[in-house]
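A.B. asks: fold the following.
(one chain, ligands or ions: 2)
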Amino acid sequence: MSNPFREDLVSRSRPQPCTVVIFGATGDLTHRKLVPALYNLAVDGELPHGVKIVGFARRDKADDEFRAGLEELNRKVSRSGHDDELWGNFVQSITYHRSEFTDADGYQRLSERLDEIDRECGGKGNRLFYIASAPDFFDDILENLKAAGLNKASDGCWARVIVEKPFGTDLATARHLNEVVSRTFEERDTFRIDHYLGKETAQNLMVLRFANSIFEPLWNNRYIDQIQITCAENLGMEGGRGGYYDTAGALRDMVQNHLLQLMSLVAMEPPTDLSADGVRDEKVKVIRSLRQWDTPEKVAKNVVRGQYQAGYVDGESVPGYREEDRVDPESMTEAYVALRLMVDTWRWSGVPFYIRMGKRLPKKATEISVHFKSPPSVLFNTQGSSAAESNVLVIRIQPDEGISLRTVSKIPGTSMRLEPVKMDFRYATSFGKGSPEAYERLLLDAMAGDATLFARRDEVEEAWKFIDHIEHAWHESEEPPVMAEFVAGTWGPKEADDLLREDGHAWRRL
Ligand SMILES: NC(=O)C1=CN([C@@H]2O[C@H](COP(=O)(O)OP(=O)(O)OC[C@H]3O[C@@H](n4cnc5c(N)ncnc54)[C@H](OP(=O)(O)O)[C@@H]3O)[C@@H](O)[C@H]2O)C=CC1
Ligand SMILES: O=C1O[C@H](COP(=O)(O)O)[C@@H](O)[C@H](O)[C@H]1O
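C.D. replies: Ligands and ions are numbered 1, 2, ... in the order given. Okay, the predicted model is just below:
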């Protein structure tokens, strides 16, 4: 008899064979994430038979040279290691197409090339276009795909597009991009990628909440005191990232997308079903219910921005943010942000959500912690002790993916002394294997036409509405809130600690 717990309990469409065209194929994302993800899917037997990959970029390269560059990186980063024989088979499916993004002829040639591939395979002409270019080219690529007729598929086939981040830099640019996308592809064929949604523990959030009867009855303002989301990175601006980052900052780079997406999974109501729109309808309501920090005073009270100064991370001396490669020495871009968010719904009224994200913090770790209210202290006097905050549920997004629940226990012995203890579930231990990379799941979902783990148009725009007020207060108000400072390798500015202290809370130690 089959084990019911092992079956796929949610019926999803199967990923279908297609040709994946990657725009920006000589770039970092393709080499470090996309091709290794496709390779790992092939190794695990998950990649549909007959998938072909066409790399589109402007440098002159023969197929073999392109493949050699991909192989070099795959050897370094592939989750499942690099097997020469498996790679040898996989790489046969990859070819290179040289063209400028802005050159209409290049898309005509691409169209002919794709028809040829279909004929060679004797297969269906499904096409998955992955836009992994700088955002300045998103419009050109979409418009040129349309002009070449590549946005429409032949009968019984599909043409889909995955659009990388950043999806706009503010509400106006996101709306513009959404308009270009909707002029070229149907919404059902549009996949706005947010790789945090493909992380295993993020996918498990709905299961944790709605497939376990012990959590959902407590998941509201009667029992929950506060929720924290921390995304810490020890890296700074390596690999020439400073140029991009200094135009974006922590709020746009991570909060507008990844962290608001995580938060909406934590705060959403149960969806009526697990369809893409069923889930996204509920997520967008959370973002729409965020109390708006729409004046400089509200921003100063609820948001802390910061930059790191020179310090030590992992024992190595690192420069301050303004001394980083390609960063303006007088930059007013934040490399750290902490926010107090209020979700004005029946369920969450009065419960603060604290979010913090920073570069050059002591380590790389992302987690969500749900802090439950303490019981009345009439029986056990826990006041001031480490057992005072009794129950905390911690969802570790990365690394060491897992979930732990902190409870309070009696210390064995003759006296009644209490101490916090932890029940811990680790993916690697319980399931005996590591989790796939987020891009693996997301690529398969796009091949299956399942947009559940991709952001919908309205989610992106609602998130920008919230973020724009803060950016406006920081960069356009007459008396902008201060830029706090902290030493690289520490846990952020003291102002971020004060933000929680005002509410009688403290950041959880990671
Ligand atoms: N790198 C990462 O880890 C992540 C990246 N992203 C996003 O993915 C996108 C790509 O990032 P990344 O790979 O780092 O960027 P890179 O700068 O490394 O790569 C850019 C790619 O675009 C190509 N290109 C640039 N201009 C043209 C042109 N005019 N015509 C044709 N091709 C051109 C380059 O080709 P050529 O080499 O031939 O010039 C290269 O293949 C960005 O939107 C980024 O925000 C998102 C998450 C993570
Ligand atoms: O999108 C981005 O994500 C990375 C962090 O991704 P992770 O999967 O390694 O947690 C971040 O470093 C980068 O600044 C941002 O653009």
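A.B. asks: elements contacting the one helix or strand Gln261 maps to?
C.D. replies: In this assignment (DSSP states H and E), Gln261 forms part of helix 260-267. Using 3 or more C-beta pairs under 8 Å, 6 or more residues apart in numbering; DSSP states H and E, the elements in contact with helix 260-267 are helix 200-210, strand 224-232, helix 276-288, strand 352-358, strand 365-372, helix 457-476. Bear in mind the C-beta positions are built from the backbone N, C-alpha and C, glycine included.
A.B. asks: and whichever helix or strand comes after the longest one, which strands flank it?
C.D. replies: If you walk from helix 457-476 toward the C-terminus, the next helix or strand you reach (DSSP H and E) is strand 483-487. Strands that pair with strand 483-487, judged by DSSP bridges, come out as strand 303-309 (parallel).
A.B. asks: I'd like the average pLDDT over the helix or strand following the strand it pairs with.
C.D. replies: Per DSSP H and E, strand 303-309 leads on to strand 311-313 as the next helix or strand towards the C-terminus. Mean pLDDT, strand 311-313: 98.
A.B. asks: ditto for stretch 88-100
C.D. replies: 97.
A.B. asks: buried set for that stretch?
C.D. replies: Phe90, Val91, Ser93, Ile94, Thr95, Tyr96, His97, Arg98, Ser99 (16 or more other C-beta atoms under 10 Å).
A.B. asks: now, those that are in helices?
C.D. replies: If you go by DSSP state H, these have Phe90, Val91 in helices.
A.B. asks: for ligand 1, what's its nearest residue on the protein.
C.D. replies: Minimum separation of the chain from ligand 1 (C-beta to the nearest ligand atom) falls at Gly27, amounting to 2.2 Å.
A.B. asks: with adjacent residues omitted, what lies nearest to that residue?
C.D. replies: Of all residues not flanking Gly27 in the chain, Ala132 sits nearest, at 6.2 Å (C-beta to C-beta, 6 or more residues apart in numbering).
A.B. asks: pLDDT wise, what is the one you found at?
C.D. replies: pLDDT recorded at Ala132 is 96.
A.B. asks: what's the spacing between the residue of the chain closest to ligand 1 and Phe56?
C.D. replies: 11 Å (C-beta to C-beta, to the nearest Å).
A.B. asks: which one of these two has more residues nearby?
C.D. replies: Neighbour count, other C-beta atoms under 10 Å: between Gly27 and Phe56, Phe56 has more, with 27 against 16.
A.B. asks: the more buried one: which element?
C.D. replies: strand 52-57.
A.B. asks: adjacent strands (with direction) for that strand?
C.D. replies: As assigned by DSSP bridges, strand 52-57 forms pairs with strand 19-23 (parallel), strand 94-98 (parallel).
A.B. asks: what's the closest of these to ligand 2?
C.D. replies: Short answer: strand 19-23, nearest of the strands paired with strand 52-57 by C-beta to the nearest ligand atom, at 17.5 Å.
A.B. asks: returning to what we had before: reformat the strands paired with strand 52-57 as a markdown table; add distance to ligand 1.
C.D. replies: Below are the strands paired with strand 52-57 laid out as a markdown table (distance: least, C-beta to the nearest ligand atom, whole Å):
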| stretch | distance to ligand 1 |
| --- | --- |
| strand 19-23 | 7 |
| strand 94-98 | 8 |
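A.B. asks: next, count neighbours for Pro217.
C.D. replies: Quick note: Pro217 (other C-beta under 10 Å) scores 9 neighbours.
A.B. asks: what kind of secondary structure is it in?
C.D. replies: helix (DSSP: H, G, I helix; E, B strand; the rest coil).
A.B. asks: ok, now how distant is it from Arg417?
C.D. replies: 31 Å.
A.B. asks: give me every residue that touches Trp507.
C.D. replies: Gln228, Thr230, Tyr354, Arg356, Trp491, Ala496, Asp497, Leu500 (C-beta atoms under 8 Å, 6 or more residues apart in numbering).
A.B. asks: all good on my end, thank you.
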